[in-house]
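Engineer: Sharing a model prediction with you, sequence too.
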Amino acid sequence: MGWHSNREFFVSWEELHRATKELARRQLPAEQYKGVIAVSRGGLVPAAIISRELNLRTVDCVSVSSYDHNEQRDDLNMLKDVTATQDGEGFLVVDDLVDTGNTLKFLRQRLPKAKFITVYAKPAGMELVDDYVADLEQDTWIHFPWDMHLHYVEPLAGQEG
């Protein structure tokens, strides 16, 4: 999806926090989980909130590159693998959004026993996520709070996928 899509959805910090706390509530009881795996970068903030709400101290991160700024590529690149688990058993894999589902397809192969949760879901990727809070139409571009400052702000490090 390109930068200038038909629809845009702006998420505030408060809305993201509220929706992520609801996602955490749905995962209770917390004792069934060993930890959280954040999908970098979008899943980092939701994973921190979920780990706090569920009192899970083991937090790992997986980094998969699938976007060049605002365009999703077909090829995926594992930049950092998880170390806390071999197959994901007992872990929540947390991302901000499932869009086309390419990243989650890739990660489900790597972590087949994990539970995959996202704050937001689009139709093309919904079947790949085990739980989410809000669904959006496929052609909606989501502006997360870390991307905004009254207007879009380029990352300091440029466009390093």
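Structural biologist: Ah, there it is.

Engineer: who touches the residue sitting nearest the centre point of the chain in this structure?
Structural biologist: When C-alpha atoms, centre = their mean is applied to the chain, the residue found nearest the centroid is D95 (1.3 Å). Contacts of D95 were listed using C-beta atoms under 8 Å, 6 or more residues apart in numbering, and they are A38, V39, G42, G43, P46, T103, L104, F116, I117, T118, V119. (C-beta placed from N, C-alpha, C; glycine too.)

Engineer: wait, doesn't the third one sit right on D96?
Structural biologist: Put plainly, it is G42. Yes - with contact defined as C-beta atoms under 8 Å, G42 counts as touching D96 (3.6 Å).

Engineer: Common neighbours of those two, please.
Structural biologist: Shared contacts of G42 and D96, defined by C-beta under 8 Å, 6+ apart, are found at F144.

Engineer: if we can go back for a sec, among the contacts of D95, find me the one that's closest to E31.
Structural biologist: The shortest gap between E31 and any of the contacts of D95 belongs to I117, at 16.9 Å (C-beta to C-beta).

Engineer: and that closest one, which of the three is it?
Structural biologist: strand (DSSP: H, G, I helix; E, B strand; the rest coil).

Engineer: again with Y132
Structural biologist: Under three-state DSSP, the three-state class of Y132 is strand.

Engineer: Can you give me every residue that contacts the residue lying closest to it once chain neighbours are set aside?
Structural biologist: Nearest-residue entry for Y132: A121, 4.0 Å, with adjacent residues in sequence omitted and distances by C-beta to C-beta, 6 or more residues apart in numbering. For A121, the set of contacting residues under the criterion of C-beta under 8 Å, 6+ apart consists of L97, V98, V129, Y132, A134, D135, L136.
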